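Visitor: Mind looking at a prediction? Sequence and model below.
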Amino acid sequence: MAVTLSRVLWMAVCTVAVCGCGDGDQGNDGFAWDNTPKTDAAAADVVEDDAAEDGGTEASEPPGPSECLVQADISDQLGGELFFGYPALGVDAVTLSCGDTLASRKEVAVQFTPTRSGEIVLSTHHPSTTAGTTIELRQSNCTGDVLGCAKDPGTSAPGARLTATVEAGTRYVAIVEGDEANTIFALGVHPKGVCEGHGSSSDVTANLLTGERFGASTTGSTSSLRGVCSAQGVDAPETRVRFTAPRTGAMSATAIHLNTTFSPLLYVRETTTKNASYCDSPEAEIGCVSGAAGGVLRFDVRQGDTYDLFVDGQSDGDSGAATLTLGYAYKSPAQQSLEGCNHTAFRDQYAVLLTAGKTVDVLADTVDAATAADLRLRCLSPDGSQLFEVDDDFACTYPPPKYSCPKKTFEVPTTGMYTLEVYVGTSQSCKDTSRVNYVIKAHEDGLPSDLILIKDQ
């Protein structure tokens, strides 16, 4: 199909200026998207075909107000990337069924064709959206049947959300109308999933820093999202673990555990920016990690803010059970405090990833005379069994009466997440019964280890 040079130039300008994509959610709940990349020639034919079907022509000038301008085919972005649009570059051609009929506003239209049937969510509720928007979904073309319409509710975080049911192989047009001319919006389209209350979700806030590990199974959950470090087009179910940060700092999360049965990918999203939930927004993602059993993910949090941690599959169909370790991140040596002097009631625990065959040095030491105590140190293997307990191995920097501090050098028997536990001895000899300040050190082959504080008492 022939296209004039001026029309090609117009489409190129619109494509570069109006649409873009970023990493985000990907997957389906019995729903998949066609992610086959399109060539420039194919994209040109798509836009030309749309203009012909919707009453357009092959004119060398951009469409006028009475014509519909479909600016992009986003079939290869569905479920995992965002489309960025500028109403100023749109046209005033359509009256939306739930829009403002008193104002003349420009619309940006995009089309997509799903490969399976199911419920989808269209949303402009993303951090990049700078003003109120209205979304409408129509079947086949810009003049097709209206399947749903949603407008900005007027909250502090702009954006609208629309849920609709689509059928495989049918073309749909999403029309976004902006409240202001000089604004930008981010449009995401994904299958309904854990962010909408479907599939597996849990809240672990109440059990943070208690020493508990958290079970997370993706079996039978939904496949609607993917992290920014996911491979393109990966379709695997995910589970959501939500928590509110008890204090500001850096946290670490990992699925490295004997009970993890598949190769998960972890990513976390900041869900309360501007007092709004961005669970399904890739722009809200603050960390993503893949690798053996998901690797170790480190990210910053603010006290009182809520976060969504996702356990996902690294490749198509990956699913199963995982055990999460979640706590505050420290680099050895780390200084902390026990909030009392009691052999059984006050114990701090740290998770540390150690490698088989490496030589590890660990110790716990006092840091000031006013809070010196009779310290002990215990190490648990990845299966939870005790590897060793040490006491009175070297003179503490600030020794309490009669006692010394614990220290141990050992060769790691197997790779995995070990637990180091610091507490006071049975003597309960402490200079201050309300606080015990200490430092814990763990070096693997002479290099400081990363510690995850999972129990803080």
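Guide: Noted; the coordinates are in hand.

Visitor: quick one: stretch 178-195 to chain centroid distance?
Guide: Chain-centre distance of stretch 178-195: 18 Å, with Cα atoms, centre = their mean, to the nearest Å.

Visitor: end to end, how far does that stretch reach?
Guide: The first residue of stretch 178-195 is 25 Å away from its last residue (Cα to Cα, to the nearest Å).

Visitor: Would you mark the buried spots in it?
Guide: When neighbours are counted by 16 or more other Cβ atoms under 10 Å, the buried residues of stretch 178-195 are found to be 178-179, 183-195. Using the backbone N, CA and C atoms, a C-beta is placed for each residue, glycine as well.

Visitor: repeat for stretch 314-322
Guide: Using 16+ other Cβ under 10 Å as the test for burial, stretch 314-322 gives 314, 318-322.

Visitor: Out of those, which two are the most distant from each other?
Guide: Farthest-apart pair in the buried residues of stretch 314-322 is 314 and 321; separation 15.2 Å (Cβ to Cβ).

Visitor: what's the helix or strand for residue 111?
Guide: Counting by DSSP states H and E, the element that carries residue 111 is strand 107-112.

Visitor: what residues does that strand touch?
Guide: If you take Cβ atoms under 8 Å, 6 or more residues apart in numbering as the criterion, strand 107-112 is touched by 18-19, 33, 46, 50, 68-75, 78, 83, 85-87, 89-94, 96, 142, 171-178, 185, 187, 189.

Visitor: How is this protein divided into domains?
Guide: 5-192, 204-329, 332-455 (automatic domain parsing).

Visitor: any chance of these in a markdown table, with mean pLDDT too?
Guide: Below are these laid out as a markdown table (pLDDT from 0 to 100):
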| stretch | mean pLDDT |
| --- | --- |
| domain 5-192 | 70 |
| domain 204-329 | 92 |
| domain 332-455 | 96 |
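
Visitor: centroid residue for this protein?
Guide: The residue lying closest to the centre of the chain (Cα atoms, centre = their mean) is residue 268, at 3.0 Å.

Visitor: wait, what's in contact with it?
Guide: Contacts of residue 268 by Cβ under 8 Å, 6+ apart are 253, 285-288, 297, 299, 307-310.

Visitor: Kindly report the same for residue 314.
Guide: By Cβ under 8 Å, 6+ apart, residue 314 lies in contact with 230-231, 234, 236, 263-265, 290.

Visitor: out of those, which is most surrounded?
Guide: Highest neighbour count within the contacts of residue 314: residue 264, with 31 neighbours (other Cβ atoms under 10 Å).

Visitor: Disregarding residues adjacent in the polypeptide, which is nearest to that residue?
Guide: Distances taken as Cβ to Cβ, 6 or more residues apart in numbering place residue 294 nearest to residue 264, at 4.2 Å, with adjacent residues excluded.

Visitor: so how far is residue 253 from the one you found?
Guide: Using Cβ to Cβ, to the nearest Å, residue 294 is found at 8 Å from residue 253.

Visitor: Which is the succeeding secondary structure element to the longest strand along the chain?
Guide: Determined from DSSP state E, the single longest strand within the chain is strand 321-331. Under the assignment DSSP H and E, the closest C-terminal helix or strand after strand 321-331 is strand 334-338.
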